[in-house]
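Asker: Any chance you can model this:
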Amino acid sequence: MLQDFVAKTAGKDENLFYVFSINEDQVFCREAYESADGLLAHLDNVGALLEERLKMPDLTRVKVPGPPEELEKLKAPLAHSKSSVVYARNDAVALTSVF
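Answerer: Residues are numbered from 1 along each chain as shown. This is a model prediction of the structure:
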């Protein structure tokens, strides 16, 4: 399933990087976008895959660093997440998810 996420993300305009790594029983997804709009477009793009993935073991943590004005755009769309969402100030809009 991870390769499906990568395939749907490859070549998207605002995507800076998108990688998965696995450590024992945890899967880490690290990704970065030029803006909050790029991240929101990505979530729309992989929505069906994400819905399927969330039926499996829990998403435990989402960390979203970025500039304050971009983070503000993400708070409402990510509010429904069952996992903890951490916002941190940084220059890029990045997302780290732990499954």
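Asker: Quick one: low-confidence residue ranges for the chain.
Answerer: Within the chain, the stretches with pLDDT under 70 are 54, 56-61, 81-99.
Asker: now do 90
Answerer: Counting by pLDDT under 90, the chain shows low-confidence ranges at 1-36, 38-39, 43, 46-99.
Asker: Which stretches in it count as strands?
Answerer: 15-23, 26-33, 61-66, 84-89, 93-98 (DSSP state E).
Asker: which other helices and strands contact the second one?
Answerer: Right, the one you point to is strand 26-33. If you count contacts as 3 or more Cβ pairs under 8 Å, 6 or more residues apart in numbering; DSSP states H and E, strand 26-33 packs onto helix 2-9, strand 15-23, helix 36-45, strand 93-98. C-beta coordinates here come from the backbone N, C-alpha and C atoms, glycine included.
Asker: quick one: that strand to strand 15-23, angle?
Answerer: Interaxial angle of strand 26-33 relative to strand 15-23 (axes from the mean of the first three to the mean of the last three Cα atoms, to 10 degrees): 170 degrees.
Asker: ok, what's across the strand from Ser21?
Answerer: Listed by DSSP bridges, the beta-bridge partners for Ser21 are Phe28.
Asker: what's the burial count for it?
Answerer: For Ser21, the neighbour count with other Cβ atoms under 10 Å is 9.
Asker: Could you do Lys8 as well?
Answerer: Neighbours around Lys8, by other Cβ under 10 Å: 16.
Asker: got a list of what it touches?
Answerer: Residues near Lys8 by Cβ atoms under 8 Å, 6 or more residues apart in numbering: Asn45, Val46, Leu49.
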